[in-house]
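Trainee: predicted model, plus sequence, below.
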Amino acid sequence: MTSLGQKPYKGRQMFNWLYKVRQHDFQLMTDLSKEVRARLDEHYTFRLMQPELESVSEDGTRKFLFRLEDGHPIETVFIPDDGRATVCISVQAGCALACRFCATGTLGLLRDLTPGEIVGQLMFLRERFGGEAFTNIVMMGMGEPLNNFAAVVDAIRIMTDPSGLCHAARRITVSTSGVSPKIRKLADLGLKTRLAVSLHAAIQEKRVQLMPVAETFKLDKLMEAVRYYALAARDRVTFEYILFKGFNDTPEDVKALTRLVHGIPCKINLLAYNPVPGLPFARPTDEEVDAFARLLYPRVPAVTVRKSRGRDIDAACGQLAARAAARRTDHA
């Protein structure tokens, strides 16, 4: 607004129109002058994202593939569940971390998303399903949130602003593969969001085999950063632990995980691996997952076994985008 020669408070008025009222036609922003509205129409556009593909699972999970203006794909997953609904959003197109079990990693990093592209996934869902479309937001889709730090922080501020999406910070989770310095930086901002760490192995050598990022950000430094976050945020941290059959699901892994999280207020989410064609990992049975959970609790403060959602629609992160990219390559 200042670039248009207007007072800064006019920017707050338009912010309220765009995000809280969800009015995207400048001509209908009636507390702005006709001259300002005409100049906005001349210089700016506000377009809602529209999915290229939409898949609906038999369990109610919906997965959307969006194509950004430069052609790069991103995914959003909408998961309704007994009076609550979680939306899993992307923060990058592709990902540079190349975790060896993840379909997104096969794409490589295409680019970071802008704050508008991050928030735009949520705005699409509100337009589709109404203002109360979702109760929880997790940055657990494509990309590493802490490697797109500035845009993610700006997006969180839009999400939580009373004139923005007005979403409770405690219902927003930032999920990281373990970028230790940025975990500390996020803690220092005091945004009150929740932290989830994609752990997947409590033994350094095993974690490196799964996640190359563990070579740079080793487990000891990662756990120091997590302790710092838990203390600063006065909140427990979630550790995501995908179980791979015969790899990280042994009694030895239970003991290592118990030692690793000792003294940290935390919850451990266990999830059986969602197989990705061409990747060298197998899914354990539900009985094997439950047995691991029984060994783990009560050695750790809390354990949750998450059931896979949307397996019939390739809801594992990056699968739909990877398939779409493959189709484009085949047709090129």
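Mentor: Now that the structure is in, tell me what you want to look at. Computed from a predicted structure; not experimentally measured.

Trainee: using PDB, write out every CA atom in stretch 239-252.
Mentor: Coordinates of each C-alpha in stretch 239-252 appear next as PDB, following Å, rounded to 0.1, in the frame of the first residue of the first chain:
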ATOM      1  CA  PHE A 239       9.100 -37.800  17.400                       C
ATOM      2  CA  GLU A 240       7.900 -39.400  14.200                       C
ATOM      3  CA  TYR A 241       9.200 -42.900  13.900                       C
ATOM      4  CA  ILE A 242       8.400 -44.900  10.700                       C
ATOM      5  CA  LEU A 243       8.900 -48.600  11.200                       C
ATOM      6  CA  PHE A 244      10.700 -50.500   8.400                       C
ATOM      7  CA  LYS A 245      10.400 -54.200   8.600                       C
ATOM      8  CA  GLY A 246      13.600 -55.800   9.800                       C
ATOM      9  CA  PHE A 247      15.500 -52.600  10.000                       C
ATOM     10  CA  ASN A 248      14.600 -50.300  13.000                       C
ATOM     11  CA  ASP A 249      12.000 -52.500  14.700                       C
ATOM     12  CA  THR A 250      14.100 -54.700  17.000                       C
ATOM     13  CA  PRO A 251      14.400 -54.700  20.800                       C
ATOM     14  CA  GLU A 252      17.800 -53.100  20.400                       C
END
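
Trainee: what comes up buried for that stretch?
Mentor: Using 16 or more other CB atoms under 10 Å as the test for burial, stretch 239-252 gives 239-245, 247-249. (Each C-beta comes from the backbone N, C-alpha and C, glycine too.)

Trainee: what does stretch 17-29 give?
Mentor: Residues 17-19, 23, 26, 29 are the ones in stretch 17-29 that count as buried (16+ other CB under 10 Å).

Trainee: using JSON lines, lay out those residues together with secondary structure.
Mentor: Formatted as JSON lines, the buried residues of stretch 17-29 follow (DSSP: H, G, I helix; E, B strand; the rest coil):
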{"residue": "17", "secondary structure": "helix"}
{"residue": "18", "secondary structure": "helix"}
{"residue": "19", "secondary structure": "helix"}
{"residue": "23", "secondary structure": "coil"}
{"residue": "26", "secondary structure": "helix"}
{"residue": "29", "secondary structure": "coil"}
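
Trainee: which of the residues you listed sit farthest apart?
Mentor: Using CB to CB, the two most remote members of the buried residues of stretch 17-29 are 19 and 26, lying 14.4 Å apart.

Trainee: so which of the buried residues of stretch 17-29 is the closest to residue 221?
Mentor: residue 19 (37.5 Å).

Trainee: which helices and strands does the helix or strand that contains residue 230 pack with?
Mentor: Assigned by DSSP states H and E, residue 230 belongs to helix 219-233. Packing contacts for helix 219-233, counted by 3 or more CB pairs under 8 Å, 6 or more residues apart in numbering; DSSP states H and E, involve helix 180-189, strand 194-198, strand 237-243.

Trainee: apply 7 Å and report the result again.
Mentor: Counting contacts by 3 or more CB pairs under 7 Å, 6 or more residues apart in numbering; DSSP states H and E, helix 219-233 packs against helix 180-189, strand 237-243.

Trainee: now tabulate those in CSV and tack on mean pLDDT and distance to residue 300.
Mentor: Shown next, in CSV, are the helices and strands packed on helix 219-233 (pLDDT from 0 to 100; distance: least, CB to CB, whole Å):
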stretch, mean pLDDT, distance to residue 300
helix 180-189, 98, 20
strand 237-243, 97, 9
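
Trainee: looking at the ones you listed, which is buried most?
Mentor: Per residue and on average, the most neighbours among the helices and strands packed on helix 219-233 fall to strand 237-243, with a mean of 22 (mean count of other CB atoms under 10 Å).

Trainee: just how off-centre is the helix or strand that that one is followed by within its chain?
Mentor: Using DSSP H and E, the helix or strand that follows strand 237-243 towards the C-terminus is helix 251-260. Computed by CA atoms, centre = their mean, to the nearest Å, the chain-centroid distance of helix 251-260 equals 27 Å.
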